[in-house]
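**Q** what's the 3D shape of this:
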Amino acid sequence: VWLRHELSAAVPQLGALLDSGPHPWGGGNATVGRARYDYRRPYTARGGATARLVIEMSTPMRAYSISPGGQSGHLLSDHYDDQTAAWLAGQLDSLAMQPEALGSPTTLLRP
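**A** The predicted structure follows:
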């Protein structure tokens with residue numbers, strides 16, 4: 001599957017910088033590894049879920065998430081595609097369910 005940035009759809013020449021792939025990906029319409037296929041090109045995933053979210057309905061509730069790209073849509077960010085490998089491997093990151101679980105607020109400024 002290709003991970004395509006919205007800007008590369010508007011300006012195809014940007015695809016070489018912004019898009020990622022092809023990545024091996026399995027799944028289908030009725031699977032956890034959600035994927036959409038073009039029947040004219042079998043075995044080629046054409047699209048998939050933009051995020052994976054799992055919520056455990058336990059007490060206390062727990063939630064996990066992953067994005068196929070990363071935390072940022074900005075090409076120059078360290079977080080542009082920092083979750084791609086974990087997403088492809090089926091891994092999830094824990095989400096904080098209560099504000100106090102995050103700790104004290106901090107701001108990181110980079111030059």
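**Q** Check which helix or strand residue 82 maps to.
**A** Counting by DSSP states H and E, there is no helix or strand that carries residue 82.
**Q** Could you report the neighbour count for it?
**A** Residue 82: 14 surrounding residues under other CB atoms under 10 Å. Backbone N, C-alpha and C define where each C-beta goes, glycine included.
**Q** separation between the nearest residue to it once chain neighbours are set aside and residue 12?
**A** Of all residues not flanking residue 82 in the chain, residue 70 sits nearest, at 4.1 Å (CB to CB, 6 or more residues apart in numbering). Note on residue 70: its distance to residue 12, by CB to CB, to the nearest Å, is 22 Å.
**Q** Is the residue nearest to residue 82 in contact with residue 80, as I believe?
**A** Yes: counting by CB atoms under 8 Å, residue 70 does reach residue 80; the two are 5.2 Å apart.
**Q** Can you name the next helix or strand after the helix or strand of the chain with the lowest mean pLDDT?
**A** One helix or strand of the chain scores below all others by mean pLDDT, DSSP states H and E: strand 45-48, with a mean of 70. Later in the chain than strand 45-48, the nearest helix or strand by DSSP H and E is strand 52-56.
**Q** How far off centre is the helix or strand following that next one?
**A** Sequence order places strand 62-66 as the next helix or strand after strand 52-56, per DSSP H and E. Mean-position distance between strand 62-66 and its chain equals 12 Å (CA atoms, centre = their mean, to the nearest Å).
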